[in-house]
Structures are given as C-alpha cells and as structure tokens.
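Trainee: Coordinates for the following, if possible.
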Amino acid sequence: PGGTHSTAAGLGVVEATAGAPATFTVTARDRFGNEMNAGGFTFVVLLSGPGAHVRGACTDRGTGAYDCSYLATRALRASLAVTTGGVSIRGAPFQLWVRSADVSPARCVVVPGAFATAGRVSPVVIHARDRFANQMDEGWSLFEATLTDALERSSAQAISDYRNGSYSVDVAVTRGGAFSLAINFGGEVVAASPYAVTVVANAPTAAASTVRWPSLRPCAGASARACGTVARPLQAHVLLRDAWGNENLVDSGYVVVGNLSYAQSGDAVTATNPVRTATALPYRKSTRELYMDLAATRAGRYSLAVTLGGAAFGGCPYRVTLAAALFADRGVFGASGDGLTVMTAGVETSFVVESRDRFGNVAVADIGDSPFAVYARDALLEAVASTVAVTKVGDSWQARLTLTTAGALSLWVSGQGQFAQGAPWTIDVLPGAAVPSKCTAHGPGLGGGKAGAAQRVWVVPRDSYSNALREFDPARASAAALGESW
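Mentor: This next block holds a predicted model:
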C-alpha cells in the first residue's frame, strides 16, 4: 500500500484515558488513495510523550482494515505515530491528550497545614489523582471534610473547587486547640486521613486579654483601689487572648505597654514587657504569660494603664496607691513631740512616730494593729508600769502614753527588730498633785513627848500614785486639800 495515503479514524487518534484501551481503525490505501481489499500489511503504533513510550498493536481483518489499540497509564500531551514500512500514514503523527482516570481516594494527595488560625479561613489543599497517581485535570469531584475537636465535637467544613483537579478544605473554626480533619470521597477515606490540625489563637485583643498584679494588695477601706510599695516593681502578668478567648501560644511579636501616672501631676513611668513572645518567658513558662515591671519612688495615688496596640485592657486605668514601707531599707524611723521630754505621772501625753523611706516618703501602713512598741525603764533598766495606745493619724502614728512612776526614766520605741532613731529618750516624769490619803509622816513626835516641848514630825506629801512630791507649799494647796487630815 501507499503508506502516506493510508488513513486512521477513531477516538484513539484524538484522545485517550489512562488505564483504558484506546482504539482506532487504519484503512490501507494504494498510492492513488484507493482502499485495499486484502490484508497482509504491517502497521506500527507508538505513543510517546515526556517520559512515556507506549507501543500499540494492530489486528489485520484481511479486508484492508486494521483494528489498532494502545494502553497508556500516564496522563499527558502525547504524539501518536502510525507507520507502515517506516512511512507515516496520512495525518500522523497525531497530537492528543491522555486524560486521567477516575478519582482514586487512596492516591489523592492532601497538603494539610500543621496550623490553622482561629476565626480565619485556613485552606487545606487536596490534589485529586487517579489510581495511576495522575493529577485530575478538571473539577466537580465530590469531596467531604469534617473537623473534630478533642471533645468529639464535629463540624462540616466547606470545600472550594479550583476546577483544575485541586480543591481546598476551608478550615474555619473559632476555638483553639488540637483538631482532627477527616476527608473522604464517595464514602472512602482519602489518603492518610484523618489529619492533625492545631488551631492557634488569632491576633490578641486588649478587650479579651487579661492582666494580673500579684504584687498589689487590697487597700484598707478602699475596695476600688490596689496598694503597692514604692521602689518595688509592680509586676504585671499579662495573658494575651484573641477575640474568641484563645490564649496566644505562638511567637507573634506583640508588645504590651504599661503606664503608671502620678495622679496629681501626670508624671509617668512607662514599661514594656521585656520579652516579645509568650514562648520565652523569664519566669514561669508554664503560665504562658508576659511579664512587665513598673516602679515609682514617689508615694501617692497613681493611675495605671495597660495597652496593647494602643487599646486599653479591660478595667483600665487601674487606681493604685503606692506607699513607703514601714521600715524601708536605709530609711529613717523616728519619733518626735513634747511627750518625749517631760510629763506628769498619771497624765496622758503623746508624741508622733513615723517612718520615712530613703526617698523621703512617709510610711503609711494599711494594717489595723500598732506596728510599734513603746515602753519605759527606770535607772536600773527595770520596766515601769505604763499605758500605751498607738493609732494611725494621717500619714503618721500617734503614741498616747501614761506613766505613773515619777522620776528620770528612759523611753524606748521599737518596731520589727530595730529601735527608733534617737532612742532611748530620757523623760522627766513629775509627780502629780498631793493627795492627803497617800501622804506619809514620820519622826519622834509621832511617839509622844513632854507638854510644852516642841516635837518634830516630817510629813511627806505624795500624789495619787504614792510618788513623793519634790516640793510642797501648803499655802498653795487647794482649800479642799487643806480641809483634810494630814
């Protein structure tokens, strides 16, 4: 036959499907184009393309027609050569597509994201493939996806069709944590499904985030205010959360700013958390908190604001009172007042006790009990009877003292293991007014004598506590006192 005049017809010279025999018919013709009516000729079929070479076969009907076929398993753009005697037939080589076979769930390829973000669509890509691992070249395949959390709560996930054999599972969830993503096709599990997906927090918001102040304590009588101490860091523990309450566990570079402003002047002390992420904390990593220190040296009332990206945390600004420590390191602890020099037995006197820290702040304690001890001793350092009451007056403590022993005494003021600056003070306790019933008399005149002869008797005037008066002038005594027996 005339090779260049022989022809081929059939679907197999136009396209083929991977794994399915592609067929066509070759009609032998002479050099004038006439159909041959007898067989006996040989036709060679060869399909070739990038990385693929497939040899086909032809069956001689004996009538001049030949049934030819080939079987390809690779989807690709190919060239189909049909020759006889080394000469290509008319139209050969034919250019055709070998298309992929039906979807095979076991051979599909899923590219899962190890992480998804709460409140944001996170695609998990599916590449649909046939049983020969050929990528599907069109869409419309019906995949299904289900996301299940640790509590076995499941939700169907939307799937986007790219119309090119690829799809994406649009993972959308607002709860953070570990999830299982199951994908199936026609009731069959896809590839290595289910896949582990960790949903991490979205960008934190100040409104949902929280801050703790472990170094602050409630102020006495001021429930809406917290108290701290000057020069001691106000350590803030900040837990970042997104709008859905998920904790921020990933390095995100968010910065929290704290601002401590003096209420009277607006002077501010600003601090930024020393670490930028919640994964490399300087203290307890288990808390997943940021740490921030704020400190001021001036006692008083402050406004404390904490912000994230310019937005204030809930409850801000906080009202904070900073006080000096009662016995501040390198501070001054002392007492002052007339009650430290002279007093009268039985008459209450008072003096002021105060503590100033090294910054000059007067220490104010939010405690009910007296932090000071006040006591007196005589010349032999023996304790003498006293009545002491210490109460807080303004920013200082007032000691009200009553002594009943007259004489030169030493007065001591101490607190938390140390004495006040200037202690002990020498205090002169004067006797009180003479009380006849407490006075005493002695002398030979008390035992009798001769008529007309003077007898000496000594009378010792004493106050109500039996303290001997240092001097006594009966002419200056009250009429009531002179009316009594001596």
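
Trainee: Show me what the closest residue to Asp149 other than its chain neighbours bridges to in the sheet.
Mentor: Residue nearest to Asp149 in three dimensions, not counting chain neighbours: Phe179, with 5.4 Å by Cβ to Cβ, 6 or more residues apart in numbering. Backbone N, C-alpha and C define where each C-beta goes, glycine included. Note on Phe179: beta-bridge partners Asp149, Val197, judged by DSSP bridges.

Trainee: please renumber so the chain begins at 299
Mentor: Let's use 299 as the start, then, which means that last one is Phe477.

Trainee: Output the below-cut-off pLDDT ranges for the stretch 599-748 of the chain.
Mentor: Low-confidence segments of the stretch 599-748 of the chain (pLDDT under 70): 623-631, 661-669, 692-693, 714-715.

Trainee: all strands of it, in order?
Mentor: When secondary structure is read from DSSP state E, counting those that start in this stretch, the stretch 599-748 of the chain shows strands at 609-610, 616-621, 630-634, 640-642, 647-654, 671-675, 684-691, 694-701, 705-713, 716-717, 723-728, 738-740.

Trainee: Ala363 touches Thr325, doesn't it?
Mentor: Yes. The pair Ala363 / Thr325 is scored as a contact, 5.6 Å apart, by Cβ atoms under 8 Å.

Trainee: how long is stretch 437-451 end to end?
Mentor: 30 Å (Cα to Cα, to the nearest Å).

Trainee: What are the buried residues along that stretch?
Mentor: For stretch 437-451, a neighbour-count test (16 or more other Cβ atoms under 10 Å) marks 439, 441, 443-445, 447 as buried.

Trainee: about what we covered before: list the contacts for the residue nearest to Asp447?
Mentor: Phe477 makes contact with 414, 445-448, 471, 494-497, according to Cβ atoms under 8 Å, 6 or more residues apart in numbering.

Trainee: before we move on, what about Val755?
Mentor: By Cβ under 8 Å, 6+ apart, the contact set of Val755 is 739-744.

Trainee: Got phi/psi on the most centrally placed residue in the chain?
Mentor: Taking Cα atoms, centre = their mean as the criterion, Leu537 is the residue nearest the geometric centre of the chain, at 1.7 Å. For Leu537, the backbone dihedrals (degrees, to the nearest 10) come out as phi -110, psi 110.

Trainee: thinking again about what came up before, highest neighbour count among the contacts of Val755?
Mentor: Highest neighbour count within the contacts of Val755, by other Cβ atoms under 10 Å: Gly743, with 14 neighbours.

Trainee: Distance of it relative to Ala752?
Mentor: When distance is defined by Cβ to Cβ, to the nearest Å, Gly743 is 8 Å away from Ala752.

Trainee: Kindly report the same for Phe670.
Mentor: Here Phe670 is placed at a distance of 57 Å from Ala752 (Cβ to Cβ).

Trainee: Out of those two, name the residue with the larger neighbour count.
Mentor: Taking neighbours as other Cβ under 10 Å, Phe670 and Ala752 compare with Phe670 leading, 19 against 7.

Trainee: residues touching the more buried one, list them.
Mentor: Contacts for Phe670 (Cβ under 8 Å, 6+ apart) come out as 651, 688, 695, 697, 711-713, 718.

Trainee: got these as TSV, with neighbour count and distance to Val409 columns?
Mentor: Listed next are those as TSV, based on neighbours: other Cβ atoms under 10 Å; distance: Cβ to Cβ, whole Å:
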residue	neighbour count	distance to Val409
Val651	21	75
Val688	19	76
Trp695	25	73
Ala697	23	79
Val711	25	78
Ser712	15	75
Gly713	19	71
Ala718	22	76
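
Trainee: mind putting the residues you listed in CSV, distance to Met334 included?
Mentor: CSV is the format used below for these (distance: Cβ to Cβ, whole Å):
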residue, distance to Met334
Val651, 131
Val688, 131
Trp695, 128
Ala697, 135
Val711, 133
Ser712, 131
Gly713, 126
Ala718, 131
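
Trainee: Among these, pick out the one closest to Leu602, please.
Mentor: Within those, proximity to Leu602 (Cβ to Cβ) peaks at Trp695, which comes in at 28.0 Å.

Trainee: Mind listing the residues bridging to the closest one?
Mentor: Here Trp695 sits in beta bridges with Val651, Lys690, as judged by DSSP bridges.

Trainee: That one and Val312, how far apart?
Mentor: Applying Cβ to Cβ to Trp695 and Val312 gives a distance of 105 Å.

Trainee: just Arg768 next, same as before
Mentor: Distance from Arg768 to Val312, by Cβ to Cβ: 138 Å.

Trainee: These two: which has the busier surroundings?
Mentor: Using other Cβ under 10 Å, the more surrounded residue of Arg768 and Val312 is Val312, with 14 against 10.

Trainee: What does the pLDDT read for that one?
Mentor: What the model reports as pLDDT for Val312 is 96.

Trainee: same check, this time on the one 10 residues further on
Mentor: Phe322 carries a pLDDT value of 97.

Trainee: What's the local residue count around the closest residue to it other than its chain neighbours?
Mentor: Distance criterion Cβ to Cβ, 6+ apart; nearest residue to Phe322, sequence neighbours excluded, is Gly308 at 3.0 Å. Burial of Gly308 is recorded as 14 neighbouring residues (other Cβ under 10 Å).

Trainee: and Gly308, what does it touch?
Mentor: 321-323.

Trainee: Minimum distance to Gly526: which of the strands of the stretch 599-748 of the chain has it?
Mentor: Per Cβ to Cβ, nearest to Gly526 of the strands of the stretch 599-748 of the chain: strand 616-621, 5.2 Å.

Trainee: which neighbours does the closest one have in its sheet, and in what orientation?
Mentor: According to DSSP bridges, strand 616-621 forms sheet pairs with strand 520-527 (parallel), strand 598-606 (antiparallel).
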